[in-house]
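In: sequence first, then the predicted structure, then my questions.
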Amino acid sequence: QVQLVESGGGLVQAGDSLRLSCAASGRTFTTNTMAWFRQAPGKEREFVAAISRNVDNIYYADYADSVKGRFTISGDNAKNTVYLQMSSLKPEDTAVYYCAARGGAIDSAPTRYNYWGQGTQVTVSS
């Protein structure tokens, strides 16, 4: 099993920045892809960003079109932690943000992820 714990959410104003963290523990060697999803009230959970390590130990990332150029995903292997740096936040970024992990390549479908955190609320006021 892998345990994921998110932190860093909060209430900010439009245009502000915020950094989310996701600390992983347990059998982390079984996962090579970490992702962030978000879910706004009344909407489905949607892919935000992911980072993955391939068989050649090369890291690559992918982003939803809605956050490209504003959000950056990164990781710290020594801390087993993944970060989501969010800049130029918009009211439409308001959602509960979830960290997820899987033992495969990046996938934008939440059903492909085995492990989930409890979520952290991000609220962007206009």
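Out: Thanks, I have the structure now.

In: residue 86: how many residues sit nearby?
Out: Counted with other C-beta atoms under 10 Å, the neighbours of residue 86 add up to 25. (Glycine included, C-beta is placed from N, CA and C.)

In: quick one: contacts for it?
Out: Residues counted as contacts of residue 86 (C-beta atoms under 8 Å, 6 or more residues apart in numbering) are 17, 18, 19, 20, 67, 70, 71, 93, 122.

In: rerun that using 10 Å as the cut-off
Out: With contacts defined as C-beta atoms under 10 Å, 6 or more residues apart in numbering, the neighbours of residue 86 are 8, 12, 16-20, 36, 48-49, 67, 70-72, 93, 97, 122, 124.

In: from residue 29, how far off is it?
Out: Taking C-beta to C-beta, to the nearest Å as the measure, residue 86 and residue 29 are separated by 28 Å.

In: leaving out chain neighbours, which residue sits closest to the spatially most central residue of the chain?
Out: The geometric centre of the chain, computed from its C-alpha atoms, lies nearest to residue 36 (C-alpha atoms, centre = their mean), at 2.0 Å. Spatially, and ignoring its direct neighbours in sequence, residue 36 is nearest to residue 48 (4.3 Å; C-beta to C-beta, 6 or more residues apart in numbering).

In: over to residue 17?
Out: Of all residues not flanking residue 17 in the chain, residue 87 sits nearest, at 4.5 Å (C-beta to C-beta, 6+ apart).

In: count of neighbours near that neighbour?
Out: Applying other C-beta under 10 Å, I find that residue 87 has 14 neighbouring residues.

In: again with residue 48
Out: Neighbours of residue 48 under the rule other C-beta under 10 Å: 24.

In: how about the helix or strand hosting the residue nearest to the centre of the chain: buried residues?
Out: Assignment of secondary structure by DSSP states H and E places residue 36 within strand 33-39. Residues of strand 33-39 classed as buried by neighbour count (16 or more other C-beta atoms under 10 Å): 33, 34, 35, 36, 37, 38.

In: which residues touch the closest residue to the last one other than its chain neighbours?
Out: So the one you mean is residue 38. Counting by C-beta to C-beta, 6+ apart, the nearest residue to residue 38 once its immediate chain neighbours are dropped is residue 95, at 3.8 Å. Taking C-beta under 10 Å, 6+ apart, we find residue 95 in contact with 9, 37-41, 43, 45-46, 48, 119-124.
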